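Participant: how would this look folded up:
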Amino acid sequence: MAATRSAALKVDWAKVTSSLGLRGQTVAALQSFKQRNENARRKVQVLSEQATEVDFAHYRSVLKNQAVVDEIEKRFKDFKPATYDLQRQLKAIDAFEVEAVKNAQATKEKVDLELKDLAATLKNIETARPFDELTVDEVAAAEPSIDEKTSKLVSKGRWQVPGYKEKFGDLSVL
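Facilitator: Below is the predicted model:
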């Protein structure tokens with residue numbers, strides 16, 4: 001039990017969430033668990049600091065009514081603290097742990113997919129030829145909608161793209 005307590009105190013919660021790259025519901029559940037852990041530890045500390053011994057001899061010497069002290073002492077000796085079955089709480093903790101691990105794994109898989117996509121995009125950017133070295137056919141193959149739009153403009157007798165002169169200037173004066 002002491003080893004468990006000392007291990008729980010040594011957990012760096014911020015490092016756990018940042019090093020595993022946890023997000024969203026997993027982080028919220030972990031923070032909720034941390035808060036409940038801290039509250040329980042505080043309550044145990046407060047209760048362990050309270051005195052557990054009752055000095056009945058002192059009360060007999062101070063109080064005139066000895067029957068009250070005798071009755072309280074009898075009830076104190078007969079008192080049996082309630083015991084609780086912790087299996088339900090332990091099962092809930094185990095279920096929480098399974099869910100947290102499942103959420104963490106799902107988050108990791110999503111992040112891995114995003115990293116893979118980003119690496120492929122970065123490789124495409126790094127290996128791409130400069131725009132001014134591309135041919136018209138290569139641009140049209142990369143984005144077929146350009147060819148379709150150009151065909152529509154030509155079929156309607158329009159030879160210029162709307163907004164081209166405003167953006168790039170009039171090339172006919174060259």
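
Participant: ok, then the element right after the one helix or strand in the chain whose mean pLDDT sits lowest?
Facilitator: Lowest on mean pLDDT, DSSP states H and E among the helices and strands of the chain sits helix 2-10, with a mean of 57. Using DSSP states H and E, the helix or strand that follows helix 2-10 towards the C-terminus is helix 13-20.

Participant: Give me the contacts around that following helix.
Facilitator: For helix 13-20, the surrounding residues in contact (C-beta atoms under 8 Å, 6 or more residues apart in numbering) are 22, 27, 30-31, 34, 104, 108. No exception for glycine: its C-beta is placed from N, CA and C like everyone else's.

Participant: now, the most widely separated pair of those residues?
Facilitator: Spanning the widest gap among the contacts of helix 13-20 are 34 and 108, at 20.5 Å by C-beta to C-beta.

Participant: who has more neighbours, those two?
Facilitator: residue 34 (16 against 13; other C-beta atoms under 10 Å).

Participant: For the more buried one, give me its contacts.
Facilitator: Here residue 34 is in contact with residue 13 (C-beta under 8 Å, 6+ apart).

Participant: before we move on, what SS does it have?
Facilitator: helix (DSSP: H, G, I helix; E, B strand; the rest coil).

Participant: What pLDDT is listed against the residue nearest the centre of the chain?
Facilitator: Central residue of the chain (C-alpha atoms, centre = their mean): residue 27, 2.2 Å from the mean position. Predicted confidence (pLDDT) for residue 27: 81.

Participant: Repeat that for the one 4 residues further on.
Facilitator: Looking at residue 31, its pLDDT stands at 84.

Participant: May I have the residues that are in contact with it?
Facilitator: residue 13.

Participant: Next up, identify which helix or strand it is on.
Facilitator: Per DSSP H and E: helix 24-49 holds residue 31.

Participant: Any regions of the protein where pLDDT drops low?
Facilitator: For the chain, applying pLDDT under 70 flags the ranges 1-9, 158-159, 171-174.

Participant: tell me the angle of the helix ranked longest in it relative to helix 13-20?
Facilitator: The longest helix of the chain (DSSP state H) is helix 87-127. Helix 87-127 and helix 13-20 meet at an angle of 40 degrees, taking axes from the mean of the first three to the mean of the last three C-alpha atoms, to 10 degrees as the criterion.

Participant: from the middle of its chain, how far away would helix 87-127 be?
Facilitator: 10 Å (C-alpha atoms, centre = their mean, to the nearest Å).

Participant: which strands and helices sit next to the following helix or strand past it?
Facilitator: Sequence-wise, the next helix or strand downstream of helix 87-127 (DSSP H and E) is helix 136-142. When contacts are defined as 3 or more C-beta pairs under 8 Å, 6 or more residues apart in numbering; DSSP states H and E, helix 136-142 sits against helix 144-155.
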